[in-house]
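Chemist: following is a predicted model, sequence given first.
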Amino acid sequence: MVYFEKLSFISFFSNAWKISKYKNNSDIYYIDASVSSKKILVPLLQSIGKNIYQINFKVTDIVDEDGELIRIRIYRYDLFEFKKNLFKNRAYKDLFHKSWNQNSILDYINKGLIDGGTNEVDSVSRMLYVINVVNWHTKKLNIKKSLFIVKKRPWFNLYQEYCVKFNITVIESKGDFFNFFNFKNFIRNYIFLYKFVKNIKYKNNKNNKINFNITNNKLFLEGRGDILLDNNGMHSDFFWQQNSDFSINNIIYKHYSEEERDYFKKNGLYSINEGVYYNSKDFRNYNKPKLYFSKSFKQEHKVVKSLLSSYDLERFLYASLFKRFGVKVYFSWDKYSNKHIALSDAVHDCGGISANWQMAFDGFENTNCLINSDIVFSYSKFSNEIDKKIGSKIKYNVIVGYPKDYASALLKDKAIEIRSQLEDNGAKKIVFVIDENSSSDSRWHTGHDFQRENYSYILEKLIEIPWLGVIFKPKRSVNLRQRLGPIEQLLDKAVSTGRCYIYEDSGRHTTTAPPILAGLSSDICIHSHLSAGTAALECALEGIPTLLIDREGTPYSKLYELPKDKVIFQDWPSAIDSIIKHFNSPNGIPGFGDWSSIIDELDPYQDGMAANRIGSYLECLINGLNDNLDKEVVMENAAKKYIKKWGSDKIITS
């Protein structure tokens, strides 16, 4: 059977002779196709007896024999194996230059080579995924052998090796997928041009001349767009500062509108506009990385050159920004791309320290989560063990517990108010439903239909049962009703009963309400995605019965140690049946929603002080740097102080 990654005139006719060698070449399948191919090529081929079909699949269809979603397995296992083979590959060795051994350049390259999600056409994970899609489809049709024609890619021989176990022959579509001039990549090679374009885009030419009256060293905060400065329990990038003695005057943050700028200024926070703050007097504290050229590996050369250009640009420009505004600590949540590695080196150029806090619970090894930082604030020793297994480089892994555990004390009154509102309309038992975001294309990520189940099943039960109440806290509420489609009418009907409440206020990107706010109003919490259990953990830490529904397939997660049919369920119907049974039982089902068997492993404190520990630690770093101590001495002193207060087992050094 013949398969195309993307069917087009060029990809088909340039490979026609190869296709003709296959006896059964009348049936051709494709994953994607150009517009012209769908309108002209497909009808043309059909007219000469060819059967042309687009493969119809969803991400949840592509599951292995262990019941694990392939998309998840790729990040948990396949990419680690691919990376090992990549480092042994001749192309990698031929391109390698000794300049990569400076600072964290090699780590930046290595992470960047396998970065990117399955929704990104050029990523390694996308290619591994579509190979598995073809394998799934051939099994479905009981086909023993297939030809897969794909886009020309670097490291192609590694994909060929990967395909062997599936009995798939993979070939490149020569000359297909034209590489048009890419202005974005072009300007990244010229700092002056990049500065001009970027500052025009963000209207930063005037703001580029600003100078703060800086007397102390500063912390540059890379946030998630949650700009709230009030300590009221709602999502805020400043949660650690609000719950400690760290001065807001020692923080620099980016604003994205004049309204944000004025809000920050009113509250004593230094903010800068997005843009480039480089000037001609700035210089590199490192040798600009190079690579060797090889005629045999032009594709590989192109991708590595792009990575080196990005590294140099990000490090150099952020080092300039940090120097200008007196930044000595770079603090971020983002470990999911290689950008944080370049910025870590940038703050080192200024004699500073890089630090990250663990935003999400990681229940299994994941290549995307590899981190390179001086200091990481982790939930627990389990989180630290995950970092070790995936090859993260961390000087001080500081165990702080779940960072947002302070919020429940601030939100109880609001939670009681919402519960009373639902009870006044007849609700006696309340279920809180946690969902994730979704995309319109269900082939690469869980689609809208998959997310609609998070609403439809429980809403239908609410309409049926007059004593049931439901609260929703979507991860992203801005486009929720658009994503719900026909389910929106069911949601409106449920809301009209007075027994359904939905949190819809949003920050720049995500809903401002934290999961625990809805959890505190409820009798049972349900997280409909076991692969992303952070919100569920937040509720379980408060002792609220919390269920997990593993509809995708994540059998290797730590959370699978929780009891099945009491905490873990495979689908919505079985979970709802158990919930109703639990509510109708005089004393409930024993152990229902109970996480006590593993909760201490996930957070050894559970005292509401995690944010304070983070803020106090960062304050210790800033104070030491203000005393003009060497950064290594500052980090060592901070670690000793933390150990003295919280115990020697709460810091793990590299």
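Modeler: Structure received. This structure is a prediction, so every number in the text was calculated from the model and none was measured.

Chemist: which helices and strands does the helix or strand containing F377 pack with?
Modeler: Here F377, judged by DSSP states H and E, is contained in strand 372-378. Using 3 or more Cβ pairs under 8 Å, 6 or more residues apart in numbering; DSSP states H and E as the contact test, the elements touching strand 372-378 are helix 339-348, strand 353-357, helix 381-390, strand 393-399, helix 610-626, helix 631-646. The way it works is simple: take the backbone N, C-alpha and C, and place the C-beta from them, glycine included.

Chemist: mind listing what's buried in it?
Modeler: N372, S373, D374, I375, V376, F377, S378 (16 or more other Cβ atoms under 10 Å).

Chemist: again with stretch 127-136
Modeler: Neighbour-count burial for stretch 127-136, counted by 16+ other Cβ under 10 Å, picks out M127, L128, Y129, V130, I131, N132, V133, V134, N135, W136.

Chemist: ok, the residue nearest to F382 when sequence neighbours are not counted to C525 distance?
Modeler: Among residues not flanking F382 along the chain, E601 sits closest, at 5.1 Å (Cβ to Cβ, 6 or more residues apart in numbering). Plainly put, E601 is 20 Å away from C525 if you go by Cβ to Cβ, to the nearest Å.

Chemist: C-alpha coordinates for stretch 356-373, PDB please?
Modeler: Listed next in PDB are the C-alpha coordinates belonging to stretch 356-373 (Å, rounded to 0.1, in the frame of the first residue of the first chain):
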ATOM      1  CA  ASN A 356      12.700  27.800  37.500                       C
ATOM      2  CA  TRP A 357       9.600  26.700  39.400                       C
ATOM      3  CA  GLN A 358       7.700  23.500  38.600                       C
ATOM      4  CA  MET A 359       4.400  24.600  37.100                       C
ATOM      5  CA  ALA A 360       2.900  21.200  36.300                       C
ATOM      6  CA  PHE A 361       2.900  17.800  37.700                       C
ATOM      7  CA  ASP A 362       4.900  15.300  35.600                       C
ATOM      8  CA  GLY A 363       3.800  11.800  36.300                       C
ATOM      9  CA  PHE A 364       6.300  10.200  33.900                       C
ATOM     10  CA  GLU A 365       9.500  10.900  32.000                       C
ATOM     11  CA  ASN A 366       8.900  13.400  29.200                       C
ATOM     12  CA  THR A 367      11.600  14.800  26.800                       C
ATOM     13  CA  ASN A 368       9.800  18.200  26.700                       C
ATOM     14  CA  CYS A 369      10.400  18.600  30.400                       C
ATOM     15  CA  LEU A 370      14.200  18.500  30.300                       C
ATOM     16  CA  ILE A 371      15.600  21.600  32.100                       C
ATOM     17  CA  ASN A 372      18.900  23.300  32.500                       C
ATOM     18  CA  SER A 373      19.000  25.800  35.400                       C
END
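
Chemist: for that stretch, what is the distance to the chain centroid?
Modeler: Relative to its parent chain, stretch 356-373 has a centroid offset of 9 Å by Cα atoms, centre = their mean, to the nearest Å.

Chemist: cool, stretch 38-48 as well?
Modeler: Chain-centre distance of stretch 38-48: 40 Å, with Cα atoms, centre = their mean.

Chemist: with stretch 462-478 instead?
Modeler: 26 Å.

Chemist: how about the helix or strand bottoming out on mean pLDDT in the chain: buried residues?
Modeler: Comparing every helix and strand of the chain by mean pLDDT, DSSP states H and E singles out helix 183-187 as the least confident one, with a mean of 74. For helix 183-187, a neighbour-count test (16+ other Cβ under 10 Å) marks I187 as buried.

Chemist: same thing with stretch 291-305?
Modeler: Buried residues in stretch 291-305, counting neighbours by 16+ other Cβ under 10 Å, are found at L291, F297, E300, H301, V303, V304, K305.

Chemist: do stretch 87-95 as well
Modeler: Under 16+ other Cβ under 10 Å, the buried positions of stretch 87-95 are N89, A91, Y92, L95.

Chemist: one more: stretch 335-343?
Modeler: Residues of stretch 335-343 classed as buried: K335, Y336, N338, K339, H340, I341, A342, L343 (neighbour count, 16+ other Cβ under 10 Å).

Chemist: kindly check the end-to-end length of it for me.
Modeler: Distance between the two ends of stretch 335-343: 11 Å, counting by Cα to Cα, to the nearest Å.

Chemist: use 51 as the first number from now on
Modeler: Right, with 51 as the first residue, what we last looked at is stretch 385-393.
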